[in-house]
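Peer 1: requesting a structural model of the entry that follows:
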Amino acid sequence: MKRDAQTLLDRPRPWTAWRPAPALAAGLVVLAILAIYADTALSIVAIWIRSETYAHGFLVVPICLWLAWRKREQLAQIPAAPWWPGAAIVAGLGAVWLVASTADVLGVKQFALAFIIIAAIITVVGTRVARVLVFPLAFLLFAVPAGEIFVPTLIDWTADFTVTALRASGVPIYREANHFIIPSGAWSVVDACSGIRYLIASVMVGTIYAALAYRSARRRAMFIVASILVPIVANWLRAYMIVMIGHLSNNRLAVGVDHLIYGWVFFGVVMLLLFWVGSFWQEPQSPPVVADALRAPDAAHAAPSRAVYAAAVAAVVAAGVWHPIAAGLAQPSATPTVPVLSSIAGAGGWTASTGGVTSWRPYYKGFATDLHQTFRDGNREVGLYIAYYRHQEKGRELITSGNLLTARDDWNWKLVAEGREPIEWSGRSVEAQRAELLGAMRLDVVPLYWVDGRMTSNAYVAKALHAWSRLTGRGDDAALVVIYAPMRAPVDDSRDVLQRFARAMSPAIDRALQRARENGK
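Peer 2: Numbers count the residues shown, from 1 in each chain. Coordinates of the predicted model:
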């Protein structure tokens, strides 16, 4: 009996019997892809460094490795074999990266890189191993600094709940967009109030907890959904409580640094409650089976090392073919020209005027040239602003998160309402965004994007048109076109004025933009 026990103890642990070739090949593939896409990888790290919201990114890779290490006993029993269709998936994801790079959509580029790495690893080790590593591989996506796109929606939800809760509490309130006034003072729901930091932290920690505490996919999914919903609702309550504390204390509390302290303390308590409730449904991990735990991998089904390394080379080639194409498309023209925007003559009863409607200008940067004109028809006036872009690059692009109708820190002009409404432009209907700005006067504003001769108000469509124009060799010329008018009673009067102006003047505006584009050829 002692001899048999000693024999069992002397036998190698299964993870030490696992061949190193798959792990080494996967590691080399990841390093090679990071080297090929170094600019995109460095953009991710740069955001980790400068943004506290995404500083957790430095922990993602170590956590992924730790989650994989926990599976070593199970991995030892599964032979690694290349999954060759994965190389085609890597190539497809590389094409997605190319399109995103052409359109300069940084978030999509970063996600594409993360998925390329995941697909390349699966190509090398195979689908059987990937099924065991599904959580570590999926967790890698937390390295991508994403979530800013949800900030405006989260702000709106927080403002809606706060205002509703204040009214239900008997507090008189006047609201304009995300700014509101109560008897004790004025409040604004800004980016820091969106709760995006709470949400990202909750989902990341909740995912780790779900991976460790549960075995069934259903319970894991339910807890992850809870880790999304709970911080959103908690942030609504946090915002309401802070305003109420400030109101009841005559603005002596919850208006300075303690504003943030109260928020994080409240969030910490809520997350502890979430994990405490989740612990009631915790599932014990499957006990190890001695017979299986001491069995070495099935060598008969394990791929030879040369096949594993061949798959690694195929994945790197599939990933690397797109970067030189992107570099070629990004090369500027040998003789760049500055576009010329000529003044536009009036039409359809509208005449150009030397006066200005207002001093307001859209908060857009990096344009090659711009044009501002005022047109009058009787006693009504409309402003026209065009910002023309050419040879777009980082910091000099039409559609980016920093380009807004009004700057977030501009207290002279505030965006107080938004909506959508069709507008006739050059004989066709365009679904346009409408915005109401409040400052020295109230303005009715319609912003549009002109890309490759087409007009749209959708930023995503404009990005797609931009990418297609560059991929087909038609250049990257684009423009912001904004028409605006003072709002008078009734409100519908200004909308009718802008409709009439667009119907009469849009052909002339399109011709001016086309002439500016042609002088660059």
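Peer 1: what residue ranges in the protein are flagged as low confidence?
Peer 2: Scanning the chain for pLDDT under 70 picks out the ranges 1-19, 253-264, 284-303, 330-336, 489-492, 520-521.
Peer 1: what's the domain layout of it?
Peer 2: Here the domain assignment for the chain is 10-144+283-330, 152-193+216-252, 351-518, based on automatic domain parsing.
Peer 1: could you redo the ones you listed as JSON lines and give each row distance to Gly268 and mean neighbour count?
Peer 2: In this view, the C-beta of every residue, glycine as well, is placed from N, C-alpha and C. As requested, the domains of the chain are exported to JSON lines (distance: least, C-beta to C-beta, whole Å; neighbours: other C-beta atoms under 10 Å):
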{"stretch": "domain 10-144+283-330", "distance to Gly268": "15", "mean neighbour count": "18"}
{"stretch": "domain 152-193+216-252", "distance to Gly268": "10", "mean neighbour count": "16"}
{"stretch": "domain 351-518", "distance to Gly268": "28", "mean neighbour count": "17"}
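Peer 1: among these, which is nearest Trp276?
Peer 2: Comparison of the domains of the chain against Trp276 by C-beta to C-beta identifies domain 152-193+216-252 as nearest, at 12.0 Å.
Peer 1: so how far is that closest one off the chain centroid?
Peer 2: 23 Å (C-alpha atoms, centre = their mean, to the nearest Å).
Peer 1: kindly report the same for stretch 433-445.
Peer 2: So, by C-alpha atoms, centre = their mean, the centroid of stretch 433-445 is 27 Å from its chain's centroid.
Peer 1: touching that stretch from outside, list them.
Peer 2: Applying C-beta atoms under 8 Å, 6 or more residues apart in numbering, the external contacts of stretch 433-445 come out as 176, 357-360, 405-406, 412-421, 446-447, 457, 482-487, 491, 494-495, 497-498.
Peer 1: in helices only, show me the residues you listed.
Peer 2: Members of those lying in helices (criterion: DSSP state H): 491, 494-495, 497-498.
Peer 1: tell me the one of these nearest Glu397?
Peer 2: Leu498 (26.7 Å).
Peer 1: pretty sure that closest one is touching Pro486, no?
Peer 2: No. Taking C-beta atoms under 8 Å as the definition, Leu498 is not a contact partner of Pro486, at 10.9 Å.
Peer 1: just to revisit the earlier point, mind putting the ones in helices among the contacts of stretch 433-445 in TSV, distance to Ser169 included?
Peer 2: Converted to TSV, the ones in helices among the contacts of stretch 433-445 look like this (distance: C-beta to C-beta, whole Å):
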residue	distance to Ser169
Val491	31
Ser494	36
Arg495	36
Val497	41
Leu498	40
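Peer 1: for the residues you listed, which one is nearest Ile33?
Peer 2: Relative to Ile33, the closest of these is Leu498; by C-beta to C-beta it sits at 49.5 Å.
Peer 1: next up, the contacts around that closest one.
Peer 2: Taking C-beta under 8 Å, 6+ apart as the test, what Leu498 contacts is 382, 423, 444, 446, 483-485.
Peer 1: need the contact list for Leu199.
Peer 2: 147, 150, 154, 228, 231-232, 235.
Peer 1: try Gly402
Peer 2: The neighbours of Gly402, taking C-beta under 8 Å, 6+ apart as the test, are Lys365.
Peer 1: would you double-check that Ala372 falls in a strand?
Peer 2: Just to correct that, residue 372 is His rather than Ala. Yes. According to DSSP: H, G, I helix; E, B strand; the rest coil, His372 belongs to a strand.
Peer 1: go through the protein and flag its longest helix.
Peer 2: helix 217-248.
Peer 1: does anything pack onto that helix? Which helices or strands?
Peer 2: Other elements packing on helix 217-248 under the criterion 3 or more C-beta pairs under 8 Å, 6 or more residues apart in numbering; DSSP states H and E are helix 151-168, strand 185-188, helix 196-213, helix 257-278.
Peer 1: out of the ones you listed, flag the one nearest Trp468.
Peer 2: helix 151-168 (26.6 Å).
Peer 1: that closest one vs helix 196-213, what angle?
Peer 2: If you take axes from the mean of the first three to the mean of the last three C-alpha atoms, to 10 degrees, helix 151-168 sits at 100 degrees to helix 196-213.
Peer 1: so which of the helices and strands packed on helix 217-248 comes closest to Tyr309?
Peer 2: When the helices and strands packed on helix 217-248 are compared by C-beta to C-beta, helix 196-213 sits nearest Tyr309, at 30.4 Å.
Peer 1: quick one: that closest one to helix 217-248, angle?
Peer 2: 150 degrees.
Peer 1: if we go by neighbour counts, what in helix 196-213 is buried?
Peer 2: Buried residues in helix 196-213, counting neighbours by 16 or more other C-beta atoms under 10 Å, are found at 196-204, 206-211, 213.
Peer 1: backbone dihedrals for the nearest residue to Pro172 once chain neighbours are set aside, please?
Peer 2: Excluding the flanking residues, the one nearest Pro172 by C-beta to C-beta, 6 or more residues apart in numbering is Pro183, at 6.1 Å. Main-chain torsions, Pro183, degrees, to the nearest 10: phi -50, psi -30.
Peer 1: residue contacts, Pro183?
Peer 2: 171-172, 247.
Peer 1: from Met241, how far off is it?
Peer 2: Note on Pro183: its distance to Met241, by C-beta to C-beta, to the nearest Å, is 18 Å.
Peer 1: before we move on, back to that, and which of the contacts of Pro183 is nearest Ala32?
Peer 2: His247 (58.2 Å).
Peer 1: quick revisit: which single one of the ones in helices among the contacts of stretch 433-445 is nearest to Gln392?
Peer 2: Lowest distance from Gln392 to those (C-beta to C-beta) belongs to Leu498, with 27.9 Å.
Peer 1: distance of the closest one from Ala91?
Peer 2: Leu498 is 47 Å from Ala91, by C-beta to C-beta.
Peer 1: now do Arg380
Peer 2: Between Arg380 and Ala91 the distance is 56 Å, computed by C-beta to C-beta.
Peer 1: for the stretch 401-521 of the chain, just list every one of the strands.
Peer 2: 414-425, 428-438, 442-451, 454-456, 478-486 (DSSP state E, counting those that start in this stretch).
Peer 1: and the helices in the stretch 1-150 of the chain?
Peer 2: Using DSSP state H, counting those that start in this stretch, the helices of the stretch 1-150 of the chain run over 2-10, 14-17, 21-36, 38-50, 57-69, 72-75, 85-103, 106-125, 127-132, 134-139.
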